[in-house]
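Visitor: task: produce atomic coordinates for the following.
(chains A and B)
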There are 2 protein chains.
Amino acid sequence: MARIVQKFGGTSVADLDRIRNVAGKVAAEAAAGHQVAVVVSAMAGETSRLVALCTEISSLFDAREYDAVVSAGEQVSSGLLAITLQAMGVQARSWLGWQIPVTTDDVHAKARILAIETATLRERLAGGEVAVVAGFQGVSSRGRITTLGRGGSDTSAVALAAALEADRCDIYTDVDGVYTSDPRIVARARKLGRITYEEMLEMASLGAKVLQTRSVELAMKERVRLQVLSSLAPEIGSDLPGTLVVDEDEIVEQEVVSGITASRDEAKLTLIGVEDQPGVAARIFGPLAEAAINVDMIVQNVSEDGKTTGITFTVTKADLARAQQILEGERESLRYRRLVTDKNVVKISVVGVGMRSHAGVAQRMFRALAEKSINIQVIATSEIKVSVLIAEDYTELALRALHTAYGLDG
Amino acid sequence: MARIVQKFGGTSVADLDRIRNVAGKVAAEAAAGHQVAVVVSAMAGETSRLVALCTEISSLFDAREYDAVVSAGEQVSSGLLAITLQAMGVQARSWLGWQIPVTTDDVHAKARILAIETATLRERLAGGEVAVVAGFQGVSSRGRITTLGRGGSDTSAVALAAALEADRCDIYTDVDGVYTSDPRIVARARKLGRITYEEMLEMASLGAKVLQTRSVELAMKERVRLQVLSSLAPEIGSDLPGTLVVDEDEIVEQEVVSGITASRDEAKLTLIGVEDQPGVAARIFGPLAEAAINVDMIVQNVSEDGKTTGITFTVTKADLARAQQILEGERESLRYRRLVTDKNVVKISVVGVGMRSHAGVAQRMFRALAEKSINIQVIATSEIKVSVLIAEDYTELALRALHTAYGLDG
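Guide: Next up, the predicted model:
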């Protein structure tokens, strides 16, 4: 007998038929004698509808009121799932954030969970009752409803699994696991049986939209055994496993590279003719940091004339216009010659904890791209990933070439 | 400076434009220096949508889960109104039932309010903040969300007005007051400037769907000054008054009859050839009472042969089939000859506290109906009303004839 937290996203509870399908998966685990807590998102489209109502009134809405409005979506879906489970003869009740309570800080619309009270939940679970928990929401110390930001139900599930010391946290989505690359682009992409927290974290933040980044961070910190699997598959169980996100030492045969991702969310800026003097980088990036603009990849060209240099860096596409405006406003103090921007870029990354102990991983990447005549604009590396910025048109070609080069083809 | 509770129904907050209109009315009272608490219903159609989701899963849904689901509607509308008020520069915050708290019993889906905590609300109101309160909902002592039954937001508003010792409780609806009769049928119907609690209570339960009956009972018990007015009128204030529901002694010139109503919700049953013996009525109505079927009008015919008699009574149309089934099941013990039912009936009532001190009120009704050749099937009277059951086809004719007969034509 295990204690399991299951999480179902918005498409999994999009209508009453799908809620019945979800209830079937919950009932199967309960029937197997497991203690089950289920975390649900709002019915697909509902959160967007509620957000649109708030923003249509005022783009400067009070985040406390926004949270009260948008949290209604999970209130509805959790109640409906509880009714559905009861109709199937399964003991169940719904739990809202303030009822448990899931205590958060009071940074409304992107609150962080501080604590989850589990005494009553544990008692009810031990009595055979399924706990249906509204995801995405908590309550502040002031007694106001808070929400955890988009995709926050993943974090709700992981935090609940940690608090309940659950044996497993199963994240049901509309894909059946984590792949070596995007299967819609790379036909030979394989589903990974296991992946480490570190790799999942990189892949989540690099554009593999399977799990919210924060939920993976939390799972890693709390050592929650995460499983990503499909809510649309007819049956659950070990015969159709998803991807297990685990500790590195649980993976026996570690590949050098586990996955290859593409992030189209980048935009490139280049400052040409910047004075090559100490402190120039600080003068450029200081104003951007003050405006809360995240700079990702940075490369400074070697100065040719010993006097001026070029600096290239990336920000998210959403921040590009603001970054451009700030740099143009600082033109006099920065004394650069020209500012060039480019939105038609993509960041391709190879990720794998195995590269810590293997040399030549980056080299293999550069060679594979060169063979396809793909020009690398910026390079960035970390302990377990190598990222390059290339022209967006080459996205698919690069993904397929690298997938083959690292021996990942299924 | 007064303390005012305003209540806006679902059609008044049906979309963002109407919510802006409501916010304008709230802002006007606040700008006039009044303390304002606003109670809102769910956006029109939303409660029905949520109820339909619950009933589609199971007609035997858990009322606790039903309450969690359907209360989401008011959570959304109260948050949206708070955001709208803030966008207009009015200090405001939303309050959910559990946040105030509005404590109720735990009879889910039709809970009764036990207490409303007002210390914090009074403080905020005194500080110039508008309280936007989600109607229809409360919280049980077990910490579960409860709802007050259809139309419960009226009761929320009156209970809040009583708890806050408000100077007035303004109920905004899609009509602009209480009329002497249904203006869609009786063209000469007049809006009443004032009506007593007792009359409003009778008219509410007799089919004038302006206010929920329970809210009027509560207003009468707590002596809350109720005002019914239109949310669609462009301006508020004394220049466009609605109908004030007040104590009898606040009405100087009391008419004999204040209003004439029609209730189409009745169905008639007649038992023919029942033994004319003591205890027969108890044997008939006992089983109906056990099945929670409300019997309204009752008439027992005078026995002609001294042995058998006929008994006619009414139940709601919704209860007719069940009442029929029960009586047919008891046929042997009741020993009646025949059971006849009729759904094509209407209950016409004249209501007025003035009839306490005036004789001949009923007589004038019977004569007016006789002049139009309308046959009276059953008669029932109380201290302030006379009701007759007639064939449904005569509804409009009867209403107009009685409106003229009692001198109510405008």
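Visitor: quick one, domains of chain A?
Guide: A:3-249, A:254-410 (automatic domain parsing).
Visitor: any idea how far the shortest one is from the chain center?
Guide: Domain A:254-410 has its C-alpha centroid displaced from the chain centroid by 20 Å (CA atoms, centre = their mean, to the nearest Å).
Visitor: any idea which residue sits dead centre in chain A?
Guide: Centroid check for chain A by CA atoms, centre = their mean gives A:Q212 as the closest residue, at 2.8 Å.
Visitor: and the spatially closest residue to it that is not a sequence neighbour, how many neighbours?
Guide: Spatial nearest neighbour of A:Q212, chain neighbours left out: A:G151 (3.5 Å); criterion: CB to CB, 6 or more residues apart in numbering or on different chains. For glycine as for every other residue, the C-beta is placed from the backbone atoms N, C-alpha and C. The local packing of A:G151 (other CB atoms under 10 Å in any protein chain shown) involves 18 other residues.
Visitor: per-residue confidence at A:G151?
Guide: We have a pLDDT of 80 for A:G151.
Visitor: before we move on, what about the one 4 residues further on?
Guide: The per-residue pLDDT reported for A:T155 equals 96.
Visitor: can you check A:G242 too?
Guide: 88.
Visitor: same deal with A:V175?
Guide: 82.
Visitor: contact partners for it?
Guide: A:V175 sits next to A:V210, A:V228, A:S230 when contact means CB atoms under 8 Å, 6 or more residues apart in numbering or on different chains.
Visitor: try A:G242
Guide: A:G242 touches A:D170, A:D176, A:G177, A:K191, A:Q227, A:V228, A:L229, A:S230, counting by CB under 8 Å, 6+ apart.
Visitor: same thing with A:A267?
Guide: A:A267 touches A:T314, A:V315, A:T316, A:K317, A:D319, A:L320, A:T341, A:D342, A:K343, A:V345, counting by CB under 8 Å, 6+ apart.
Visitor: neighbours around the fifth one, how many?
Guide: Meaning A:D319. Per other CB under 10 Å, the neighbour tally for A:D319 reads 19.
Visitor: for the nearest residue to it once chain neighbours are set aside, phi and psi?
Guide: Nearest non-adjacent residue to A:D319, counting by CB to CB, 6+ apart: A:I293, 4.7 Å away. When read as degrees, to the nearest 10, the backbone of A:I293 gives phi -100, psi 120.
Visitor: so what's the residue count around A:I293?
Guide: When counting by other CB under 10 Å, one arrives at 17 neighbours for A:I293.
Visitor: surely it is in contact with A:F313?
Guide: No. At 10.4 Å, A:I293 does not count as touching A:F313 under the criterion of CB atoms under 8 Å.
Visitor: just to revisit the earlier point, just the domains of chain A: most buried one?
Guide: Of the domains of chain A, the one with the most neighbours on average (mean count of other CB atoms under 10 Å in any protein chain shown) is domain A:3-249, at a mean of 21.
Visitor: residues in contact with the residue of the stretch 301-410 of chain A found nearest chain B?
Guide: With CB to the nearest CB, the shortest gap between the stretch 301-410 of chain A and chain B falls at A:A318, namely 23.5 Å. Counting by CB under 8 Å, 6+ apart, A:A318 touches A:D265.
Visitor: how about the one 10 residues further on?
Guide: The neighbours of A:E328, taking CB under 8 Å, 6+ apart as the test, are A:L339.
Visitor: doesn't it lie inside a helix?
Guide: Yes. Assigned with DSSP: H, G, I helix; E, B strand; the rest coil, A:E328 falls within a helix.
Visitor: can you tell me the closest non-neighbouring residue to A:S12?
Guide: In space, and not counting its chain neighbours, A:S12 is closest to A:S231: 3.8 Å by CB to CB, 6+ apart.
Visitor: how near is the one you found to A:R3?
Guide: Distance, A:S231 to A:R3, using CB to CB, to the nearest Å: 20 Å.
Visitor: check the residue nearest to A:R190 when sequence neighbours are not counted and give its pLDDT.
Guide: Excluding the flanking residues, the one nearest A:R190 by CB to CB, 6+ apart is A:G410, at 3.8 Å. On pLDDT, A:G410 comes in at 80.
Visitor: wait, A:G410 touches A:R188, no?
Guide: Yes. Here A:G410 reaches A:R188: they are 5.1 Å apart, a contact under CB under 8 Å.
Visitor: show me what contacts the residue of the stretch 101-250 of chain A found nearest chain B?
Guide: Proximity of the stretch 101-250 of chain A to chain B (CB to the nearest CB) peaks at A:G143, 5.9 Å away. By CB under 8 Å, 6+ apart, the residues touching A:G143 are A:W98, B:Q99.
Visitor: where does the residue lying farthest from the centre of chain A fall, secondary structure wise?
Guide: Ranked by distance from the centre of chain A (CA atoms, centre = their mean), the top residue is A:D305, with 43.6 Å. Under the criterion DSSP states H and E, no helix or strand holds A:D305.
Visitor: and the pLDDT at it?
Guide: pLDDT, A:D305: 76.
Visitor: distance of it relative to A:D276?
Guide: 8 Å.
Visitor: and what of A:C169?
Guide: Remark: distance between A:C169 and A:D276 (CB to CB) = 51 Å.
Visitor: so A:D106 sits in a strand?
Guide: No. Judged by three-state DSSP, A:D106 forms no part of a strand; its state is coil.
Visitor: skip the chain neighbours and tell me the closest residue to it.
Guide: Sequence neighbours aside, A:S140 is the residue nearest to A:D106 in space, at 3.9 Å (criterion: CB to CB, 6+ apart).
Visitor: got phi/psi on A:V70?
Guide: Torsion angles at A:V70 (phi, psi; degrees, to the nearest 10) stand at phi -70, psi -20.
Visitor: right, and it touches A:S48 too?
Guide: No. Applying CB under 8 Å as the test, A:V70 and A:S48 come out as separate, 9.4 Å apart.
Visitor: residue contacts, the residue nearest to A:D319?
Guide: A:I293 is in contact with A:V315, A:D319, A:R322, A:A323, A:I326, counting by CB under 8 Å, 6+ apart.
Visitor: can you pull the pLDDT of it?
Guide: For A:I293, the pLDDT comes out at 89.
Visitor: same deal with A:V38?
Guide: For A:V38, pLDDT reads 98.
Visitor: for the one 5 residues further on, same thing?
Guide: Note on A:M43: pLDDT of 97.
Visitor: can you tell me which residues in the stretch 51-200 of chain A are near chain B?
Guide: A:53-54, A:56-58, A:60-62, A:64-66, A:68-69, A:71-73, A:75-76, A:78-80, A:82-84, A:86-87, A:93-94, A:96, A:98-99, A:143-145 (CB under 8 Å from any CB of the partner chain).
Visitor: distance of the nearest residue in space to A:S205 that is not next to it in sequence from B:V40?
Guide: Excluding its sequence neighbours, the residue lying closest to A:S205 (CB to CB, 6+ apart) is A:T213, at 4.9 Å. To B:V40, A:T213 is 37 Å away according to CB to CB.
Visitor: what of A:G151?
Guide: Going from A:G151 to B:V40 by CB to CB gives 30 Å.
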